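Visitor: sequence unknown, structure follows:
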């Protein structure tokens, strides 16, 4: 297969830091190239250079054998390269069609031809078998629909090479399967796809070739048919992955008790509808469900970010229902939030300050209202070493860290509180396979010590690997509860879709 695109000897330096060190990749017409690697391995920097967002310190980009340089994304787009970013860039008040044609709007006498835009979007959506509703407002679309809008946008712009940056990070299992089918269909139509991902199962399902980056260098480039997930994982982390820590058999007393909580909504159905559950000492309770079925509201209700309309929340017998966040923390709750940027960190805070959040009033770090950062530094450095957090210094702004490295910092901070109860919401979202191993082991270790964990994850494999019991939320209600031994992906998927599963389920509301 002739190469449509080549990147030769690409290097990028930020001061003394070498993000990419002589990286070379190639992709042919109609080929799916997966680029995998740990957080901070250099994947995003490489793609930013390809898309014109960054200028290389050295190296060369060739399209159809001819050298090209891109001063910005418009140059890349003009040369048939489009990029779908991990964080979508849509105007939520615009329609789907308006978002897709923006910058290339059909006009007559200077006026926007809305009907022509809708017609064009319908045609390209039909051509590439991507289902959207052109007149629907983008802000009313699900995450999966918004991603389809972004893909159609680059196709409308004429992209022959499409970069997908962590495209499945926030998708449901069904949406992931649909996206992989779309990727394969686009490749069959002659489009070249560069897939940036951590998820090796998806790589093995859809990629033709795989290039592995570690510490800014290529450690391997192989055909999918000539490798395995385990081999790719070893190339990514530089070692063999270990099995999860053994689970101790514990039968602890009730730690958290939720009794009939309801959270009202502006529409007809409540966001949470008389939800009751328990979490015991020494137990991980997994919460599965398609995004938007009450998981976020459950997390916010327990953590104190939102108040419930009825029902009670008790931790160690203490009623926290009307208590603020700080009081719940003091009562023994820690929280890995599902949105690291909104709830977990301040982008302008330093790495050190982010680590200190929640501990700023402790006597050992606070002297007459003055925060003693120096006393805390050794602790943050220990986290950085244990979780292999890539940061240039403790003074680096959290917003400059990769999403995965910021996630590792937040996980380390919340685990360090050593509270009896932890909400772990999407604890490994956006992290690499090596960090996932550390985080999973740390959660099992916390569980084995007798603490309780409420695990909310869109990754069914994570729910199945870690949970002792699993509940499924659908339209704000618990529609099923499975013991670990009874649970599998098929049964959970049926319940997540609102179906009825034949496995006997316990009534969570009756659990004491």
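Guide: Right, received. Where do you want to start? Please read these numbers as outputs of a predicted model, since none were measured by experiment.
Visitor: chain neighbours aside, what residue packs nearest to residue 224?
Guide: Spatial nearest neighbour of residue 224, chain neighbours left out: residue 207 (5.1 Å); criterion: CB to CB, 6 or more residues apart in numbering. Any C-beta I mention is one placed from the backbone N, CA and C, and that applies to glycine too.
Visitor: correct me if wrong: the one you found contacts residue 195.
Guide: Yes. The pair residue 207 / residue 195 is scored as a contact, 6.4 Å apart, by CB atoms under 8 Å.
Visitor: overlap in contacts of those two?
Guide: Common contact partners of residue 207 and residue 195 (CB atoms under 8 Å, 6 or more residues apart in numbering): 32-34.
Visitor: surely residue 471 is within a strand?
Guide: Yes. Residue 471 sits within a strand when classified using DSSP: H, G, I helix; E, B strand; the rest coil.
Visitor: nearest to residue 168 among the shared contacts of residue 207 and residue 195?
Guide: Among the shared contacts of residue 207 and residue 195, residue 34 lies closest to residue 168 (CB to CB), at 11.8 Å.
Visitor: next up, identify which helix or strand that closest one is on.
Guide: strand 32-37 (DSSP states H and E).
Visitor: quick one: contacts for the nearest residue to residue 154 once chain neighbours are set aside?
Guide: Counting by CB to CB, 6+ apart, residue 154 lies nearest to residue 82, which is 2.8 Å off, once chain neighbours are set aside. By CB under 8 Å, 6+ apart, residue 82 lies in contact with 76, 153-155, 157, 159, 161-163.
Visitor: again, 6 Å this time
Guide: 154, 157, 159, 162 (CB atoms under 6 Å, 6 or more residues apart in numbering).
Visitor: the second one: how many residues sit nearby?
Guide: It refers to residue 157. 16 (other CB atoms under 10 Å).
Visitor: phi, psi of the nearest residue to it once chain neighbours are set aside?
Guide: The shortest distance from residue 157 to any non-neighbouring residue, by CB to CB, 6+ apart, is to residue 77 (5.4 Å). Dihedral pair for residue 77: phi -60, psi -40, per degrees, to the nearest 10.
Visitor: from residue 28, how far off is residue 77?
Guide: 21 Å (CB to CB, to the nearest Å).
Visitor: report how many residues lie close to residue 418.
Guide: Count around residue 418 with other CB under 10 Å applied: 12.
Visitor: so which helix or strand takes in residue 300?
Guide: Residue 300 belongs to helix 295-303, assigned by DSSP H and E.
Visitor: thinking again about what came up before, who wins on neighbours among the contacts of residue 82?
Guide: Result: residue 162 is most packed of the contacts of residue 82 (other CB under 10 Å), 24 neighbours.
Visitor: let me see the domain layout of the chain.
Guide: 3-237, 254-332+419-510 (automatic domain parsing).
Visitor: so the residue lying closest to residue 227 once chain neighbours are set aside, which state does it fall into?
Guide: Of all residues beyond its chain neighbours, the one nearest residue 227 is residue 210 (6.7 Å), with distances taken as CB to CB, 6+ apart. Assigned with three-state DSSP, residue 210 falls in the strand class.
Visitor: I'd guessed residue 210 sits against residue 33; true?
Guide: No. Contact between residue 210 and residue 33 fails when scored by CB atoms under 6 Å: they sit 7.6 Å apart.
Visitor: average pLDDT for stretch 239-246?
Guide: Averaged across stretch 239-246, pLDDT comes to 70.
Visitor: okay, how far is it across that stretch, tip to tip?
Guide: Length of stretch 239-246, first residue to last, CA to CA, to the nearest Å: 20 Å.
Visitor: tell me the pLDDT at the residue nearest to residue 154?
Guide: 93.
Visitor: what does the one 5 residues further on give?
Guide: Confidence per residue is given as pLDDT, and for residue 87 that number is 75.
Visitor: buried set for stretch 476-496?
Guide: 476-482, 487, 491-496 (16 or more other CB atoms under 10 Å).
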